[in-house]
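Visitor: Following is a predicted model, sequence given first.
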Amino acid sequence: MPEPVLEIEDLTVRFHLKRGELTAVDGVSLSIQKGETFGLVGESGSGKTVTARSIMRLIPIPPGEIANGAIRFEGENVLDKTDAEMRELRGQKIAMVFQEPMSALNPVFSIGSQIIDALRTNLGMNKQEARERCIELLQIVGIPSPERRIKSYVHEFSGGMRQRVMLAMALSCDPTFLIADEPTTALDVTIQATILELIESMIERFHMSLIFITHNLGVVAHACDNIGVMYASHLVELGTKNEIFRDPQHPYTIGLLNSIPRLDTQKEFLTPIEGLVCNMLEPPAGCKFHPRCDHAMDICGREIPQMKEIAPGHFSACHLHEQT
Ligand code: SF4
């Protein structure tokens, strides 16, 4: 059995806000093997991004607090690392691609100077070496005329091109682990497909592991090996892509799958999940999905269901599994 490159164990993240206490991630456990692409799926506010940012230790503390758990990257708990050790880890091993490159790239510096700076700081390259590597990276991610575009600023690129620049920046220090947080959400559908293909080819080329965060199950359908489904701070289902798509077990996952168009079914209309995501400042007791669940029973409003292995490697947290 290969060693997991990343292991998250019982992670709980809270935010102490003026309006009250919000538990954004509640007891999440998962592991990712070397070379694996893992899709983390769920509606906005389900805790996907907070989970990913916790791996990078990018949670603002305060108001945030990693209240419980461990995040082991290559066997070492990142929560025990010093700020300097974390900077090194972020620069050299783990990289993140954000949904909106405008918020991650500095608008007052050319994209070339930002990538060159990262290369010089993290890999100790001299100016000439860093410039050459920067041009090479821009070429790899498909930026035309990289020798010229190295002097451009982020606002001079289209949305798709900005995301390519962001990817070049992320790859600049040869990371072994990439976190892509909704990297295609802000893009046109045609550009989304191109960026997805680019990320897939980069993963293969650079032998990286990937966490792909999205609210769109369709996006992970062809890109990921394994999938975790989050709802209102909890991981509710975990399994291989084939199991999640062919034999979903959690009512929320089934609802998500029924609400996306599929070519392998003859359905005339899509079936939405009724109701709204709960208010995370005042979440319901028990299973947080129970106000929206067609199968809810008395116990669902009282007790939080625990993850149960339904089939080898396929887990789901639902009281229905205790009935069988
Ligand atoms: Fe529905 Fe109950 Fe299962 Fe929650 S635990 S998903 S409410 S059946």
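Guide: On my side now, so go ahead. Numbers count the residues shown, from 1 in each chain.

Visitor: Tell me who's in contact with whichever residue of the stretch 51-200 of the chain sits closest to the ligand.
Guide: Nearest residue of the stretch 51-200 of the chain to the ligand, counting by Cβ to the nearest ligand atom: residue 51, 20.2 Å away. The C-beta positions use only the backbone N, C-alpha and C, and glycine is treated the same way. Taking Cβ atoms under 8 Å, 6 or more residues apart in numbering, we find residue 51 in contact with 8, 11, 13, 25, 28, 40, 230.

Visitor: do residue 16 as well
Guide: Residue 16 is in contact with 62-63, 65, counting by Cβ under 8 Å, 6+ apart.

Visitor: out of those, which are inside strands?
Guide: Those of the contacts of residue 16 mapping onto strands are residue 65, per DSSP state E.

Visitor: Look at the residue of the chain positioned farthest from its centre and tell me its secondary structure.
Guide: For the chain, the residue at maximal distance from the C-alpha centroid (Cα atoms, centre = their mean) is residue 128, at 34.3 Å. For residue 128, the assignment made with DSSP: H, G, I helix; E, B strand; the rest coil gives helix.

Visitor: Likewise for residue 279?
Guide: Secondary structure for residue 279, judged by three-state DSSP, is coil.

Visitor: cool, residue 170 as well?
Guide: Put simply, residue 170 is helix when judged by three-state DSSP.

Visitor: do the same with residue 6
Guide: Counting by three-state DSSP, the backbone at residue 6 sits in strand.

Visitor: just to revisit the earlier point, secondary structure of the residue of the stretch 51-200 of the chain closest to the ligand: a helix, I assume?
Guide: Yes - assessed by three-state DSSP, residue 51 belongs to a helix.

Visitor: Quick check: which ranges of the chain have low pLDDT?
Guide: Applying pLDDT under 70 to the chain flags residues 1-2, 186, 262-268, 323-324.

Visitor: What are the boundaries of the helices in it?
Guide: For the chain, the helices defined by DSSP state H occupy 48-55, 83-92, 101-104, 111-123, 127-140, 146-149, 159-171, 189-206, 217-223, 241-246, 251-258.

Visitor: so residue 39 makes contact with residue 241?
Guide: Yes - counting by Cβ atoms under 8 Å, residue 39 does reach residue 241; the two are 7.5 Å apart.

Visitor: Can you pick out the residue with more neighbours from the two?
Guide: Counting neighbours by other Cβ atoms under 10 Å for residue 39 and for residue 241 shows that residue 39 has the greater number, 25 against 19.

Visitor: Next, the contact list for the closest residue to residue 258 other than its chain neighbours, please.
Guide: Excluding the flanking residues, the one nearest residue 258 by Cβ to Cβ, 6 or more residues apart in numbering is residue 271, at 4.3 Å. Contacts of residue 271 were listed using Cβ under 8 Å, 6+ apart, and they are 255, 258-259.

Visitor: before we move on, what about residue 230?
Guide: So, once contact is read as Cβ under 8 Å, 6+ apart, residue 230 ends up touching 28, 40-42, 46-48, 51, 236.

Visitor: Tell me the one of those nearest the ligand?
Guide: Taking Cβ to the nearest ligand atom as the measure, the ligand lies nearest residue 236 of the contacts of residue 230, at 7.3 Å.

Visitor: Filter the contacts of residue 271 down to the buried ones and express that as a ChimeraX selection.
Guide: This is how ChimeraX selects the buried members of these, with burial counted by 16 or more other Cβ atoms under 10 Å:
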select :255
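
Visitor: Burial check on residue 248, number of neighbours?
Guide: For residue 248, the neighbour count with other Cβ under 10 Å is 22.

Visitor: Now do the same contact list for it.
Guide: Residue 248 sits next to 237, 254, 257 when contact means Cβ under 8 Å, 6+ apart.

Visitor: Can you tell me, leaving aside adjacent residues, what's nearest to whichever residue of the stretch 101-250 of the chain sits closest to the ligand?
Guide: Residue nearest to the ligand within the stretch 101-250 of the chain: residue 250 (6.0 Å; Cβ to the nearest ligand atom). Among residues not flanking residue 250 along the chain, residue 237 sits closest, at 4.2 Å (Cβ to Cβ, 6+ apart).

Visitor: Looking at strand pairing, list the partners for that neighbour.
Guide: Using DSSP bridges, the bridge partners assigned to residue 237 are residue 229, residue 316.
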